[in-house]
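Enquirer: kindly return the folded structure for what I paste below:
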Amino acid sequence: MATFTFVDTMKRRGINIFSSGNLCHLAILMSLMTFVACEKDISTTTDTAYFGGEIINPKNDRVILSKSGKGIDTLRLDKNNRFIYKINDLQPGLYTFELVAGDANELQMVLIEPGDSIMFRLNTLEFDESLVYTGKGAKKNNFLIEMFLDGENEERALLGFSQLPPRDFEEKVDSMRKDKIKKLKQFDDSNTPSELFDEIAKVNINYAYYLSKEVYPFANYSKSEKKIIESLPKDFYDFRKDVNYNYTLVEGYFPYYYFLKRHFENMALAKHFKHSQDSVFNRKCAGYSTTRLNLIDSLIQEPSIKDPLLLRATMEFISNNKNVGDYDELLQSFLAKSSNEDHKHYVSNVINSLKELKPGNYLPNIVVYNTKGEEVDLKNVGGNGQPKVLYFWSNAYMNYFQDCHKKAKELKVKYPEVNFLAINTSFHDVHTWEQVLKKYKTNTDNEYLFKNVAQAQKRLAIYPMNKVMIIDKDGKIINPHTNMFSYDFEEQLLGMLNQ
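Expert: A predicted model of the protein is given here:
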C-alpha cells in the first residue's frame with residue numbers, strides 16, 4: 001500500500017508461455033532475455049539480486065519498487081521501455097512494483113531472494129493477462145501467480161458456497177484448501193524451493209482459507225448477520241488460534257492483509273451484537289467502529305501492520321457515516337492507537353474539513369479553471385441562484401469518469417433546474433484533462449479543474465472519489481458527502497428542490 005490502496009487493484013494472473021495461445025510471446029521474451037544477458041556486471045552473489053522487465057504500452061517511464069510499504073527506488077524505462085535494477089544488500093522477501101496501467105496504478109508482488117535475476121514482461125492494456133516472469137526465480141513467482149488466478153476463480157464459487165449451511169460450506173472450502181496443498185507439494189517435489197517460498201505459499205493457502213470463513217456471515221443471504229453468527233458451530237473459527245497478528249514477513253501480502261481486515265470486522269460485529277439491539281451489519285454505527293479499533297489495537301503490536309488497519313477502519317466509518325457529530329469519539333480513539341503521524345494528520349484534517357462542510361454552511365473559497373483557462377471561484381460556477389451537484393473525477397480512473405458523466409447526464413434530463421458540475425482532481429495536468437474531454441466528446445460547459453489540488457482535496461474532504469456534494473440555490477451545503485449512485489440520491493435532490 002504503500003498506502004495499501006492494494007486495496008481494490010490487486011488482481012493477479014499468471015500465464016504459461018508455452019501453453020496454447022501464448023507462444024506468440026516467445027520471441028519477445030527471448031529478446032528480453034538477450035537484453036538481460038548483455039548487461040554488464042550481472043552476478044549472483046549471496047546478498048544481491050537483479051530485477052527488471054519490459055513494459056508494453058507504458059503510460060509513463062516509471063516503475064516504483066518498494067518493500068514493506070517503504071519505497072526503495074523509482075526505476076526508469078530506457079528507450080526500449082525496459083529496465084534492469086540491481087538490489088544490493090538484499091533483504092529476502094516480498095517486494096512490490098507499481099506502475100500506471102489501464103485506468104489506475106497497478107501493484108504486483110514478487111518474491112526476490114539472493115541470486116535471483118527475475119525479469120517480467122507485461123502490457124499495460126492487459127496487465128493481469130499479459131504478465132510473464134522469466135529468469136532465475138521465475139518459477140516460484142509464476143506458481144504464486146497461478147495461486148492468485150485460482151483465487152479469482154474461487155471468489156465466484158465461494159459466493160455460491162456461502163449460501164449453504166455452515167457444515168456444507170466448510171466441506172467445500174476444506175476441499176479447495178486440500179487441492180492447493182496438493183499442488184504445492186507437487187511443485188516442491190519437482191523443484192528445490194527455499195523455506196521462504198514454502199512459508200509464503202502456505203500463507204497464501206491458509207489465510208485465503210481463513211478469509212473464506214470470516215466472510216461467510218457477510219456473504220450468506222438467508223438471515224441477518226447476527227442470526228448467522230449465533231448459528232455457527234462452536235468450532236467454526238477454531239483456526240483463529242493459529243493466526244499470527246504480527247507476521248512481518250508477509251505484512252504487505254494481500255491474502256494476509258485482506259484476511260485481517262475481514263477478521264476484525266467479523267469479531268467486532270460479533271462483539272457489538274452482544275451488547276446492542278442491532279441484528280444486521282451497520283457500517284455507520286460508531287459503537288461497532290470503536291470496537292473494531294479496540295480489537296486491532298489489543299491484538300496487533302507491529303505498527304507496520306496495525307497502523308494501516310486502523311486507518312482503513314477509521315476512514316471507512318467516516319465515509320459511511322455522514323453525521324459529523326459522531327466523528328470526535330472515533331477520532332480520539334484512532335489518535336490514541338495509531339503511531340503513524342502522517343495518518344493522524346490526514347484523518348484529523350479530513351474530519352476538520354467535514355465539520356466545516358456541514359449542512360447549512362457555505363462552500364469554502366476554492367479556485368478552479370474552466371475550459372477557457374479562466375480562474376473562477378467554485379462558489380460562482382454553474383450560475384448563481386441555481387442548485388448544484390458537484391462531482392469529482394481523476395485521470396487515473398477513466399471507467400469512473402465515464403460512469404459518473406453518464407449518470408449526471410441522465411439526472412440532468414430529469415432535473416433540468418439543477419446544474420451538475422464535474423471537477424477534475426488530477427494534479428496540474430491541464431493537457432491530459434483537455435485531451436480526455438476531447439477524446440470522450442464531453443460537453444465542456446460544466447467541466448472544471450482545481451487550481452490547487454492538494455488544498456481543494458483537503459478543504460472539500462474528497463474521499464472517496466465517488467463523493468458528491470449537493471448545494472442549494474443560495475450556495476449553502478445540503479449534503480457534503482453523498483453518492484450519485486446511491487438508491488436515495490434522487491430523494492435528496494427532490495428534498496432540496498421542494499424546500
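Enquirer: where does this structure dip in pLDDT?
Expert: Confidence mapping of the chain against pLDDT under 70 gives the ranges 1-46, 102-104, 128, 383-384, 427-429.
Enquirer: domain ranges for it?
Expert: 6-136, 141-356, 367-497 (automatic domain parsing).
Enquirer: TSV for these, including mean neighbour count?
Expert: Heads up, the C-betas are built off the backbone N, CA and C, glycines and all. Shown next, in TSV, are the domains of the chain (neighbours: other CB atoms under 10 Å):
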stretch	mean neighbour count
domain 6-136	16
domain 141-356	17
domain 367-497	16
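Enquirer: which parts of the stretch 51-200 of the chain are strands?
Expert: 62-67, 70-76, 82-87, 93-101, 104-112, 117-123, 132-136 (DSSP state E, counting those that start in this stretch).
Enquirer: just put those strands in JSON lines and tack on distance to residue 397.
Expert: Output for the strands of the stretch 51-200 of the chain, formatted as JSON lines (distance: least, CB to CB, whole Å):
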{"stretch": "strand 62-67", "distance to residue 397": "19"}
{"stretch": "strand 70-76", "distance to residue 397": "22"}
{"stretch": "strand 82-87", "distance to residue 397": "26"}
{"stretch": "strand 93-101", "distance to residue 397": "11"}
{"stretch": "strand 104-112", "distance to residue 397": "6"}
{"stretch": "strand 117-123", "distance to residue 397": "20"}
{"stretch": "strand 132-136", "distance to residue 397": "27"}
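Enquirer: residue 498: which of the ones you listed is closest?
Expert: The closest of the strands of the stretch 51-200 of the chain to residue 498 is strand 104-112. By CB to CB, the value is 38.7 Å.
Enquirer: contact partners of stretch 136-143?
Expert: Contact with stretch 136-143 is made by 14, 16, 44, 49, 110-113, 115-119, 132-133, 187, 191, 193-194, 197, 201, as judged by CB atoms under 8 Å, 6 or more residues apart in numbering.
Enquirer: and the strands of the stretch 51-200 of the chain: which comes nearest residue 467?
Expert: Residue 467 lies closest, by CB to CB, to one member of those: strand 104-112, at 17.1 Å.
Enquirer: please name every helix or strand in contact with the closest one.
Expert: When contacts are defined as 3 or more CB pairs under 8 Å, 6 or more residues apart in numbering; DSSP states H and E, strand 104-112 packs onto helix 6-9, strand 49-56, strand 93-101, strand 117-123, helix 138-161, helix 195-219.
Enquirer: could you rerun that using 6 Å?
Expert: Helices and strands touching strand 104-112, by 3 or more CB pairs under 6 Å, 6 or more residues apart in numbering; DSSP states H and E, are helix 6-9, strand 93-101, helix 138-161.
Enquirer: ok, that strand: who's next to it in the sheet?
Expert: strand 93-101 (antiparallel) (DSSP bridges).
Enquirer: the partner strand vs strand 82-87, what angle?
Expert: Strand 93-101 runs at 150 degrees relative to strand 82-87, counting by axes from the mean of the first three to the mean of the last three CA atoms, to 10 degrees.
Enquirer: CA atoms only: put strand 93-101 into PDB for me.
Expert: Taking C-alpha atoms only, strand 93-101 is exported to PDB below (Å, rounded to 0.1, in the frame of the first residue of the first chain):
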ATOM      1  CA  GLY A  93      11.100 -11.400   0.900                       C
ATOM      2  CA  LEU A  94       8.100  -9.900  -0.900                       C
ATOM      3  CA  TYR A  95       8.700  -6.800  -2.900                       C
ATOM      4  CA  THR A  96       6.100  -4.600  -4.600                       C
ATOM      5  CA  PHE A  97       6.400  -3.000  -8.000                       C
ATOM      6  CA  GLU A  98       3.900  -0.300  -9.100                       C
ATOM      7  CA  LEU A  99       3.200   1.400 -12.400                       C
ATOM      8  CA  VAL A 100       0.400   3.100 -14.200                       C
ATOM      9  CA  ALA A 101      -1.700   0.600 -16.200                       C
END
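Enquirer: which other residues reach that strand?
Expert: Contacts to strand 93-101, defined as CB atoms under 6 Å, 6 or more residues apart in numbering, come from residues 59-60, 63-67, 105, 107-112, 124, 127, 253.
Enquirer: show me the helices in the stretch 251-400 of the chain, by range?
Expert: 254-274, 286-299, 303-320, 327-337, 341-356, 398-414 (DSSP state H, counting those that start in this stretch).
Enquirer: and the ones you listed as TSV, adding distance to residue 447?
Expert: Shown next, in TSV, are the helices of the stretch 251-400 of the chain (distance: least, CB to CB, whole Å):
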stretch	distance to residue 447
helix 254-274	36
helix 286-299	36
helix 303-320	25
helix 327-337	32
helix 341-356	24
helix 398-414	9
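Enquirer: out of those helices, nearest to residue 371?
Expert: Closest to residue 371 of the helices of the stretch 251-400 of the chain is helix 398-414 (CB to CB; 14.3 Å).
Enquirer: tell me what angle the very next helix or strand once past that closest one forms with helix 398-414.
Expert: Per DSSP states H and E, the first helix or strand lying C-terminal to helix 398-414 is strand 419-424. Relative orientation of strand 419-424 versus helix 398-414 (the same axes, to 10 degrees): 170 degrees.
Enquirer: what about residue 378, distance to residue 452?
Expert: 11 Å (CB to CB, to the nearest Å).
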